[in-house]
Structure formats: C-alpha cells, structure tokens
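Visitor: Make a model of this:
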Amino acid sequence: MYSRETRVLLRHYLEQGVGKADLARKLGVSRRTVYHWIETAQLDRDLDDEAVRYSPRPPVSTKLDRFKGIVQERLQAFPRLTAQRVFEEVRAAGYGGGYTQLKQYIRQVRPRPIDDTVRRFETPAGFQGQVDFASFNLPWGRRYALVVVLGYSRLLWLQFYPRQNMQALFSGLESAFTAFGGVPQELLFDQMRSVVIGDDRLSRGALVLNAEFLRFAAHWGFRPRACRPYRAKTKGKVERPIRYLRESFFYGRTFLNDADLNAQAERWLATTANRRKHRTVGEAPQLRFERDERFTLQSLASTPYPRLYCVVPSPASKKTPYPIDVQRRPLSVYAEAVR
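Guide: Okay, the predicted model is just below:
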C-alpha cells in the first residue's frame, strides 16, 4: 500500500507541471497506478480519509550502547543502586556521555515507584538535627553508622563505629558538631529511641533521658526529642538518610578495614552526598548550609564534655588480681590457740 504522503507529493508535482512518467519513476510507482489515482480522484486529499501510517524510526546509536551491559549487570546485582553511583562506575569504565541519558535508561530498566505519601513540612535553619544508628555487615564483623543530618539544609555527617553504645554516640555527636561548626537547637532521635547507660548500650523503646545524657545535652546546648513516626508532626519531617547511605554508598563497594571504610565515607560525603541536588529542597545540601544555616547554629561548647561514664569490662576479662589461699585446719588447732 502506498502512503498518503506519496499521493500528496504526486499531486503537488503534477500541479507544478512535472510529467507523469517522470513522477512515476521518481516516486517508485508504475504509470498505470498514477493514471488510476488521477482517474479515480484519489489524489484529492479532501476525499482521502485513510489514517496516516508511519513506520518506526530506526534506533539511533548512542554513547551509552557499549555500557548498557554494565548498567544492567550492576542493577541486577544491586537493584537499588542509585543512578549517580552507576554514572561514576561507567564513567570510570570509559563512558563519555551525559548523566541525563544514563538516568533515563536506568528508569527504563529499573522503574521505581514513588512511595512518599506523607505531606512533608520544613523546619527553620539551625533548629533541628536528626540522629540515627544503622548496622552494616562487613567481612570482619558488624559495624554501626552514626548518621546526623541537619533538618533544613539536609547536610549529612556520618561515622562508622564497632559498637552502638554511649561512647560512640557522644564521640560522634561531638565530631558532628565540630564538622558543622555549631549545634542545632534540638536533636530528633529516629529509631534509636532510648538511651540506656546501665549496661553501656543503646536500645529501642521510649526515650530514657538518663542523668549523663541530660548533662551532655545541656553541655552542648541542644534539646533531645524522641521521634514518634506514627504522629504527623514528626513523621512528615523525618529524613531517610539510612536508605540513601545504603544505596548510594555502601552497596557495591569494597572496603579493606575500618580506616578505609571511614575514609571512603568521608570522600563520599564531600563529593556526592552533600554536593548532589537534593530531591526535596532542589539544592545541594552544602550550598544550602553555607548560605542559610551555618550562621544560625548555636555556638560550640567552650570546653570538652567531662565524661562520667566508665566502660564496664566484659566478663571474659574479669580476673581476681590477688588470689587468696585458704588453709583448712581442724577445730582443735583453734581451741589450742585461744588458751
């Protein structure tokens, strides 16, 4: 079947005075067909109600074609790997194209539904920070990431520790405050809702503000709050840094030891996490922090916090320093001694 475009062109050239034989040869149709169209008035576009049919366009080669196998392999191994991480890896493999092209392809092969059904709200600059622990399994054991994110700018800080305890919490918060150059007015504790000092650990439940934690908060000048995710006033504000940390940083990387783990995390914060365009605020957290939030934070404490807690040794390390040798004597010996 000849397309409508062929007949439209034929009519156009006929009106220009081009010969029928030349047109038939030029358009690749027989002269009998040309005469048939003319005699049956099929060249009249007003009478031609046939739908236009277009053939699919041939695929256009792109710079991404050679690397699609790598992208699919990485997404198959780590389905929740972010587009930014995939872009960094294929660029290291020689990809010279743009990020947008890669991101569009990833959306095709890995659709991701939006599940954020909660209407979010914002907090003022310098007002709130969010604190959370997350566990990660490594070849040499489990490690715990202490994550602190500022509520306004979304500036992120993290450090990995071998234990999830009060010592790690205090040390991490002090390091985060130093990195931020100040202290937010309140800290929201997500998931980690209790602070238990008797057995030197953190566990879930209601936020238990023990004496030392209150002293620590007063020393640095912040107000601790428990996150109650089933209440709208906190649910709409809680960030999701742990999921982003797993997908953008942890998955697909190789770490040698604790020092290498924290060194890579520090580079990731400086080059990716705090430099990316945040989906909610539409700006890079580092830019938003430097412009609007840094000067609104409270001043750092003038002196380090005087820790009062002590680390209780494990049962295996408890030893009696001076063993006592008890001599057994018959009662007659003692009776003789008192005479």
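
Visitor: CA atoms for contacts and neighbours, from now on please.
Guide: Fine.

Visitor: next one: stretch 29-43 to chain centre, how far?
Guide: 65 Å (C-alpha atoms, centre = their mean, to the nearest Å).

Visitor: Give me the average confidence score over it.
Guide: What stretch 29-43 shows for mean pLDDT is 74.

Visitor: Go ahead and produce CSV holding the CA coordinates of that stretch.
Guide: Presented in CSV, the C-alpha positions along stretch 29-43 are these (Å, rounded to 0.1, in the frame of the first residue of the first chain):
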residue,chain,number,x,y,z
VAL,A,29,5.3,3.7,-8.7
SER,A,30,4.0,2.5,-12.1
ARG,A,31,2.5,4.8,-14.6
ARG,A,32,-0.7,2.7,-14.6
THR,A,33,-1.0,3.4,-10.8
VAL,A,34,-0.5,7.2,-11.4
TYR,A,35,-3.3,7.2,-14.1
HIS,A,36,-5.5,5.1,-11.8
TRP,A,37,-5.2,7.6,-9.0
ILE,A,38,-5.9,10.5,-11.3
GLU,A,39,-9.0,8.9,-12.9
THR,A,40,-10.5,7.8,-9.6
ALA,A,41,-9.8,11.2,-7.9
GLN,A,42,-7.6,9.5,-5.2
LEU,A,43,-5.2,12.5,-5.4
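
Visitor: Show me what counts as buried in the host helix or strand of residue 26.
Guide: Assessed by DSSP states H and E, residue 26 sits inside helix 20-27. Of the residues in helix 20-27, 20, 23, 24 count as buried by neighbour count, 16 or more other C-alpha atoms under 10 Å.

Visitor: Please identify the one among those that lies nearest to residue 38.
Guide: Residue 38 lies nearest to residue 20 out of the buried residues of helix 20-27, by C-alpha to C-alpha, at 10.3 Å.

Visitor: List the contacts of residue 144.
Guide: 133, 134, 135, 136, 160, 161, 162, 163, 164 (C-alpha atoms under 8 Å, 6 or more residues apart in numbering).

Visitor: re the thing from before, and the helix holding residue 26, how far out from the chain middle?
Guide: Counting by C-alpha atoms, centre = their mean, helix 20-27 comes out at 63 Å from the chain centroid.

Visitor: so what secondary structure elements neighbour that helix?
Guide: Applying 3 or more C-alpha pairs under 8 Å, 6 or more residues apart in numbering; DSSP states H and E, we find helix 20-27 packed against helix 4-15, helix 31-39.

Visitor: so after the helix or strand where residue 136 lies, what's the next helix or strand?
Guide: Residue 136 belongs to strand 128-138 when assigned by DSSP H and E. Following strand 128-138 in sequence order, the next helix or strand is strand 141-150 (DSSP H and E).

Visitor: Show me what the helix or strand just after that following strand is packed up against.
Guide: Next along the chain after strand 141-150, taking DSSP H and E as the criterion, comes strand 156-161. Using 3+ C-alpha pairs under 8 Å, 6+ apart, the elements in contact with strand 156-161 are strand 141-150, helix 166-180, helix 258-268.

Visitor: Report the buried residues of the first one.
Guide: What that stands for is strand 141-150. 143, 144, 145, 146, 147, 148, 149, 150.

Visitor: just to revisit the earlier point, nearest to residue 106 among the helices and strands packed on strand 156-161 would be which one?
Guide: That would be helix 258-268 among these, by C-alpha to C-alpha, at 21.5 Å.

Visitor: and the closest one, how far from the chain's centre?
Guide: 16 Å.

Visitor: And for stretch 60-68?
Guide: 27 Å.

Visitor: Residues in contact with that stretch: which ones?
Guide: For stretch 60-68, the external contacting residues (C-alpha under 8 Å, 6+ apart) are 90, 95, 96, 97, 101, 102.

Visitor: sorry, back to before: ranking the helices and strands packed on helix 20-27 by burial, who's on top?
Guide: helix 4-15 (a mean of 15; mean count of other C-alpha atoms under 10 Å).

Visitor: other SSEs contacting that one?
Guide: Partner elements for helix 4-15 (3+ C-alpha pairs under 8 Å, 6+ apart): helix 20-27.

Visitor: redo that, cut-off 10 Å
Guide: Applying 3 or more C-alpha pairs under 10 Å, 6 or more residues apart in numbering; DSSP states H and E, one finds that helix 4-15 contacts helix 20-27, helix 31-39.
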